[in-house]
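build me a model from this:
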Amino acid sequence: MIRRAALIAMVVWGMPTAVFLSADLACINHPARDGDIVFVGPIASSTLFEGDDPETFNTEKYGIQRAFDGDVRTVWAEGEEGPGIGVEISFALPRTASRLTIVNGYAASPTLFRANNRVRELTVEIRMGIMTDVDQCAEIYTTRLISRTTLQLADTAQAQTFAIDLSDPRLANEMEAFQDAVFADGSGNEYLRSMLPIFIGLLTIESVYPGNRWDDTCLAEIRVD
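Numbering: from 1, shown residues only. The predicted model follows:
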């Protein structure tokens with residue numbers, strides 16, 4: 001696991017499928033959020049890459065799409081100079097979501113698992129989001145926090161599942177009211193106003209289990225169902 005940079009991955013219209021990487025270098029070092037503005041993909045605020053030339057480096061091997069591909073042998077890895085504390089991942093949540101499943105570390109083999117960092121503490125925010133813009137890198141949402149919790153992940157390559165509760169019937173009314181408030185000043189074109197509010201997951205790495213060879217923090221899978 002060699003070179004480092006940040007990049008973003010995104011999907012069309014906010015669901016974590018059919019992921020593709022932006023080829024535009026302007027998207028390098030793209031944040032997952034700026035205050036209450038969240039850039040939805042999935043997006044990782046930092047990703048490890050391979051190669052020496054930014055024009056040709058391999059962004060796919062450790063890209064954030066690898067954490068959403070259903071294959072525990074592939075992996076997303078952060079690209080910070082250090083363990084990646086504070087690195088964020090954002091993604092859309094289906095309205096029917098009831099659980100978040102994490103496969104920690106580089107789970108392809110016991111050797112790779114121990115060689116790289118694994119996440120120890122992970123803050124999970126759930127937000128309601130109103131699309132207010134689209135740029136060359138991502139869909140842009142104005143958001144409001146619904147809940148925040150810090151998960152303690154076990155140091156294991158086995159899947160770990162945590163409950164998500166989006167079942168409160170008041171949330172639908174709150175999202176509609178929030179959308180009205182966001183566009184109350186007359187901003188937003190007809191297309192943006194026609195887009196339904198969504199739920200957004202935002203993960204932040206808080207601490208790690210250190211690897212015995214590399215200082216790269218990895219997640220093999222993030223699943224929501």
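
by mean pLDDT, flag the weakest helix or strand of this structure.
strand 9-10 (a mean of 32; mean pLDDT, DSSP states H and E).

biggest strand in this protein by residues?
In the chain, assigned by DSSP state E, the strand with the most residues is strand 117-134.

pairing partners for that strand, with directions?
With DSSP bridges as the criterion, the sheet partners recorded for strand 117-134 are strand 139-152 (antiparallel), strand 198-209 (antiparallel), strand 217-224 (parallel).

buried residues, the last one. List them.
Yep, that's strand 217-224 we're talking about. Buried residues in strand 217-224, counting neighbours by 16 or more other C-beta atoms under 10 Å, are found at Thr217, Cys218, Leu219, Ala220, Glu221, Ile222, Val224. For every residue, glycine as well, the C-beta is placed using N, CA and C.

I'd say the first one and Glu121 touch.
No - with contacts defined as C-beta atoms under 8 Å, Thr217 does not count as touching Glu121, sitting 11.5 Å away.

quickly list what's touching both of these two.
Ile205 (C-beta atoms under 8 Å, 6 or more residues apart in numbering).

assign Glu176 to one of the three secondary structure states.
When the structure is split into helix, strand and coil by DSSP: H, G, I helix; E, B strand; the rest coil, Glu176 lands in helix.

ok, and the closest non-adjacent residue to it?
In space, Glu176 comes closest to Pro197 once its chain neighbours are excluded; the distance is 7.3 Å by C-beta to C-beta, 6 or more residues apart in numbering.

I'd say that neighbour and Asn173 touch.
No - checked against C-beta under 8 Å, the pair Pro197 and Asn173 is beyond contact range at 11.0 Å.

what about these two, which has more around it?
Neighbours of Pro197 and Asn173, each counted by other C-beta atoms under 10 Å, are more numerous for Pro197; the result is 22 against 10.

how about that one, what does it touch?
For Pro197, the contact set (C-beta under 8 Å, 6+ apart) comprises Met128, Gly129, Ile130, Met175, Glu176, Phe178, Gln179.

nice, that's everything, thank you.
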